[in-house]
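K.L.:
My questions are about this predicted structure, shown below with the sequence.
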Amino acid sequence: MHSLKTDNTIILRIDKGEDVVKSITEFCKKEGIGNAHFNGIGAVETLTCGYYNLEEKQYHFTDYAEPLEVVSLTGNVMLRDGSPFVHVHGVFTDTENKAFGGHVVEMRVHVVLEVMLTPLSSKIERHMDDCIGLALMKLD
Ligand code: ZN
């Protein structure tokens, strides 16, 4: 991964074969970024994404192992147990330009992924919400 800081944004180029969530998480840890938001475009070769079922309080995921365009990746970084935690959703298209997407767990870059990361000065933490079954942002 390569990075360049400009204005209030950091441009990340995540290269072929690199794990996206891990790369962003490690970058934020290294740079001391606790809160941020980001977006990205590019392509991936493997993907695990899905949706959250509130009644079951669990995610349902599907694995993909094929070249996919990353049409729109959007996410945030918040602190969880004191460390940067990446929450990312994405819309992807296949070789027929058909779109799908969801909550992303893991994906590996195919060709390249271009991310614009904007650090925030806040120190928001995620805390487990037992009703929802997820760690939600604690805002007040
Ligand atoms: Zn999500």
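P.N.:
The structure has been received and is ready for your questions. The shown structure was predicted, so the numbers you read here are calculated from the model rather than taken from an experiment.
K.L.:
Show me the residue sitting in the middle of this protein in space.
P.N.:
Nearest residue to the geometric centre of the chain (Cα atoms, centre = their mean): Val88, 3.1 Å.
K.L.:
What helix or strand is that one located in?
P.N.:
Here Val88, judged by DSSP states H and E, is contained in strand 83-93.
K.L.:
Report how many residues lie close to Ala43.
P.N.:
Look at Ala43: counted by other Cβ atoms under 10 Å, it has 18 neighbours. Yep, even glycine has a C-beta here, placed from its N, CA and C like the rest.
K.L.:
what bridges to it?
P.N.:
Glu69 (DSSP bridges).
K.L.:
now it: how far from His89?
P.N.:
17 Å (Cβ to Cβ, to the nearest Å).
K.L.:
List the buried residues of the longest strand along the chain.
P.N.:
Ranked by residue count, the top strand of the chain under DSSP state E comes out as strand 99-120. Neighbour-count burial for strand 99-120 flags 101-104, 106-110, 113, 115, 117-119 (criterion: 16 or more other Cβ atoms under 10 Å).
K.L.:
cool, stretch 25-36 as well?
P.N.:
25, 27-28, 33-36.
K.L.:
Leu54 and Gly133 touch, don't they?
P.N.:
Yes. Here Leu54 reaches Gly133: they are 7.4 Å apart, a contact under Cβ atoms under 8 Å.
K.L.:
Neighbour count for those two, which is higher?
P.N.:
Neighbour count, other Cβ under 10 Å: between Leu54 and Gly133, Gly133 has more, with 16 against 10.
K.L.:
roughly how far apart are the nearest residue to that one once chain neighbours are set aside and Pro119?
P.N.:
Among residues not flanking Gly133 along the chain, Lys57 sits closest, at 3.3 Å (Cβ to Cβ, 6 or more residues apart in numbering). Distance from Lys57 to Pro119, counting by Cβ to Cβ: 32 Å.
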